[in-house]
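Trainee: have a look at this prediction, sequence included:
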Amino acid sequence: MSLNSDKHISVVINTYNAEKHLAKVLKSVMDFDEVIVCDMYSTDQTRFIAEQYGCKVVYHKKMNYVELARNFAVQQASNQWVLVVDADEIIPNELRTFLYQYIKSPNCYDGLYITRKNYFMGRWMRSAYPDFNLRFFKKDLIYWTSSIHMQPIIKGRIDKISRHNHRLAIEHLPIDSIEALLDKHNTYTTAEIVKRKNQKVNTFVLLINPVLTFLKFYILKRAFLDGLPGFIFSIYKMQYKFNTLSKIIESRRFSN
């Protein structure tokens, strides 16, 4: 592999205690030119699984959410083109083929939004599709802010994969359990306080915004077509919004 080649692709995966799905994930990316696992000093078998698959393993101190370690991880790549993959995501063969064909074009863009299929309670949540994420880009043009759930900033032109081509979507593996989902929600909603520090929150907003969030997913995005899992999924989206707003109110009361 030639360093910094514009025709090669590095895969970057941030991990912390990711042993459950990591082998499946690594199997799906082994045909890329380089795979880098940036681990936050996992206490399970994550590092050993990564080494078993021949990955380049680097380390970053433990953070509460991944965006804080993205920039470091991406800069460890040897190639110009980088595909960022989470430790619970599968890259289909069709997407890999598409990406290599994409960078052969002399007029290709500098970044690419990729669709993602999210699963919940064993079902693909069509109400959460296409869930575009900027995951493929030239590494020297990208920068992640320190806020949670933010898309990276790119200095260049951005393209987008068609939402109608489901075969090119990243497969986001199911959340292990509702208990695990609630644990993540607690961590993430706390992190949202900084991201939304300037948001106006009062009783009306606290009452209306969660309800609108439920209606958005259940009615507008048609989660009702996903059956009971779709209803529960929409409720958790509503709960996430309510918890975020509540924590913002709490933080402002204690800061005064």
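Mentor: Sure thing, it's come through.

Trainee: tell me which element the closest residue to V29 other than its chain neighbours falls in.
Mentor: Nearest residue to V29 in three dimensions, chain neighbours excluded: V11, at 4.6 Å (CB to CB, 6 or more residues apart in numbering). Just so you know, the C-beta spots here come from the backbone N, C-alpha and C atoms, and that holds for glycine as well. Following DSSP states H and E, one finds V11 within strand 9-15.

Trainee: that strand pairs with which strands?
Mentor: If you go by DSSP bridges, strand 9-15 pairs up with strand 34-39 (parallel), strand 81-86 (parallel).

Trainee: quick check: which of these is nearest to H21?
Mentor: strand 81-86 (9.3 Å; CB to CB).

Trainee: following the closest one, which helix or strand comes up?
Mentor: strand 89-90.

Trainee: and that next one, which strands flank it?
Mentor: Strand 89-90 pairs in its sheet with strand 170-172 (antiparallel), by DSSP bridges.

Trainee: show residues contacting the strand it pairs with.
Mentor: By CB atoms under 8 Å, 6 or more residues apart in numbering, the residues outside strand 170-172 that reach it are 85-86, 88-92, 95, 114-119, 131, 133, 135.

Trainee: sort out which of the residues you listed are buried, if you could.
Mentor: 85-86, 88-92, 95, 114-119, 131, 133, 135 (16 or more other CB atoms under 10 Å).

Trainee: pull the contacting residues for the residue most central in space within the chain.
Mentor: What sits nearest the mean C-alpha location of the chain, by CA atoms, centre = their mean, is D86, with 6.1 Å. Taking CB under 8 Å, 6+ apart, we find D86 in contact with 13-14, 66, 172.

Trainee: could you check the pLDDT of the closest residue to R123 other than its chain neighbours?
Mentor: Distances taken as CB to CB, 6+ apart put P229 closest to R123, at 4.8 Å, once the chain neighbours are dropped. Per-residue confidence (pLDDT) for P229: 93.

Trainee: my read is P229 is in a helix, agree?
Mentor: Yes. The assignment for P229 (DSSP: H, G, I helix; E, B strand; the rest coil) places it in a helix.

Trainee: count of neighbours near it?
Mentor: 17 (other CB atoms under 10 Å).

Trainee: measure it to W124 for me?
Mentor: From P229 over to W124 the distance is 10 Å, taken as CB to CB, to the nearest Å.

Trainee: what does L228 give?
Mentor: Using CB to CB, L228 is found at 14 Å from W124.

Trainee: and the two? which has more neighbours close in?
Mentor: Each of L228 and W124 has its neighbours counted (other CB under 10 Å); W124 has more, 18 against 9.

Trainee: and that one, what does it touch?
Mentor: W124 neighbours (CB under 8 Å, 6+ apart): 117-118.

Trainee: could you redo the last one with a cut-off of 7 Å?
Mentor: Contacts of W124 were listed using CB atoms under 7 Å, 6 or more residues apart in numbering, and they are K117.

Trainee: beta partners for it?
Mentor: Per DSSP bridges, the residues bridged to W124 are Y119.

Trainee: for L68, see how far away N17 is.
Mentor: For N17, the distance to L68 (CB to CB) stands at 16 Å.

Trainee: comparing those two, which residue is more hemmed in?
Mentor: With neighbours defined as other CB under 10 Å, N17 and L68 compare such that L68 has more, 20 against 15.

Trainee: the spatially closest residue to the more buried one that is not a sequence neighbour: neighbour count?
Mentor: In this structure, L68 finds its nearest non-sequential neighbour in S146, 5.7 Å apart by CB to CB, 6+ apart. If you count neighbours by other CB under 10 Å, S146 ends up with 14.
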